[in-house]
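Engineer: Provided below for reference: sequence and predicted model.
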Amino acid sequence: EATRLVTRVRQNFEIELSLRAFFEAPTIHQLSTKIHQSLHTNIPDIKRVSRDQSIQLSFAQERLWFIDQWVPGNPIYNLLMTARITNEIDHSALDFALTEIMTRHEVLRTTFVAINGEPRQRFSPPQPQKFIHHDLTTLEAIDQQEIEELLLRDEALYRFDLTNGPLLRGSCIQLNENHSVLMMNMHHIVSDGWSIGIIIHEFLHFYEAYVNQTESTLVDLPIQYADFAVWQKQWLSGDRLQSQTDYWRRHLANLSIL
């Protein structure tokens, strides 16, 4: 809920407030004071940057990349979405929607490499995508259930390769003509809980556009997540970054690990 509130404040006031700011201001009066202070702070706009340069990761991505270096492919950071569909599925539309969503969002076709020991983003060009299709239509119901559970478990435990990708994959378990289970799985380094809703909404938009043979009405995105990562590193630097670092060092100074 705090993340949703951060987004609403950003949309309505065009300012950036950290999650910490909300927890430090538990009342409406305190929060309004912080918003008022932020409105009078000159925060630069996020601008699109050249992809010819070496682009750093955002702070959130760096954290996940570091953990993956420590425990490669740890599935704890998989974001798996499943849906049981009781209508006929258009498999060509699934492939089209997956292709379009990955074309639209550059971060979904981003991988991460180490250059001189430092993580950097690497962007793959858009290319046709396909759902993995598991056809169980010839099996008995009891066998279908067993294999479906195994496939769901295997997908939840899938080990993403951050260096080579892809970091988003779609799968379809076909049980009969009008009964399927869809799975979309991605690594947390390219998405989060808030973004999932956007991805699902736009995926359905592209799917319906293909089925109905209509044009997409989504406007092109002016910036991508990599642009935010560059903006974040430029904005949160120098004295501003040092202030944040000092804060956490003070609060964690006496932390004991059992």
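Structural biologist: Received the coordinates, thanks. Nothing here was measured: the structure is a model prediction, and the numbers come from that model. Numbering: from 1, shown residues only.
Engineer: Report the rounded mean pLDDT for the helix or strand hosting residue 34.
Structural biologist: In this structure, residue 34 sits in helix 28-39 according to DSSP states H and E. Mean pLDDT, helix 28-39: 73.
Engineer: Check which residues of the following helix or strand past that helix are buried.
Structural biologist: Counting by DSSP H and E, the next helix or strand C-terminal to helix 28-39 is helix 59-70. Residues of helix 59-70 classed as buried: 61, 62, 64, 65, 68 (neighbour count, 16 or more other C-beta atoms under 10 Å). In this view, the C-beta of every residue, glycine as well, is placed from N, C-alpha and C.
Engineer: list the helices and strands helix 59-70 packs on?
Structural biologist: strand 118-123, helix 225-235 (3 or more C-beta pairs under 8 Å, 6 or more residues apart in numbering; DSSP states H and E).
Engineer: Make CSV out of these and add mean neighbour count.
Structural biologist: Shown next, in CSV, are those (neighbours: other C-beta atoms under 10 Å):
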stretch, mean neighbour count
strand 118-123, 16
helix 225-235, 18
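Engineer: Among these, which comes closest to residue 34?
Structural biologist: Smallest distance to residue 34 across the helices and strands packed on helix 59-70 (C-beta to C-beta): 17.2 Å, for helix 225-235.
Engineer: ok, residue 204 - contacts?
Structural biologist: By C-beta atoms under 8 Å, 6 or more residues apart in numbering, the residues touching residue 204 are residue 97.
Engineer: Please report phi then psi for it.
Structural biologist: In terms of degrees, to the nearest 10, the main-chain angles of residue 204 are phi -60, psi -40.
Engineer: what pLDDT does it get?
Structural biologist: For residue 204, the model assigns a pLDDT of 97.
Engineer: What of residue 42?
Structural biologist: For residue 42, pLDDT reads 59.
Engineer: Going forward, count from 18.
Structural biologist: Taking 18 as the first residue, the last one we looked at is residue 59.
Engineer: and the helices and strands packed on helix 76-87 as CSV, adding mean pLDDT?
Structural biologist: Listed next are those as CSV, based on pLDDT from 0 to 100:
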stretch, mean pLDDT
strand 135-140, 96
helix 242-252, 93
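Engineer: how about JSON lines for those, with distance to residue 212 added?
Structural biologist: Listed next are the helices and strands packed on helix 76-87 as JSON lines, based on distance: least, C-beta to C-beta, whole Å:
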{"stretch": "strand 135-140", "distance to residue 212": "16"}
{"stretch": "helix 242-252", "distance to residue 212": "9"}
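Engineer: quick one: which of these is nearest residue 37?
Structural biologist: helix 242-252 (14.9 Å).
Engineer: May I have that closest one as PDB, with CA atoms only?
Structural biologist: Below are the C-alpha coordinates for helix 242-252, written out as PDB (Å, rounded to 0.1, in the frame of the first residue of the first chain):
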ATOM      1  CA  TYR A 242      13.600   1.900 -16.900                       C
ATOM      2  CA  ALA A 243      17.300   2.400 -17.900                       C
ATOM      3  CA  ASP A 244      16.600   6.100 -18.200                       C
ATOM      4  CA  PHE A 245      15.300   6.100 -14.600                       C
ATOM      5  CA  ALA A 246      18.400   4.100 -13.500                       C
ATOM      6  CA  VAL A 247      20.700   6.800 -14.900                       C
ATOM      7  CA  TRP A 248      18.600   9.600 -13.400                       C
ATOM      8  CA  GLN A 249      18.600   7.900 -10.000                       C
ATOM      9  CA  LYS A 250      22.400   7.500  -9.900                       C
ATOM     10  CA  GLN A 251      22.800  11.200 -11.000                       C
ATOM     11  CA  TRP A 252      20.300  12.500  -8.500                       C
END
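Engineer: how far out from the middle of the chain is that helix?
Structural biologist: 16 Å (C-alpha atoms, centre = their mean, to the nearest Å).
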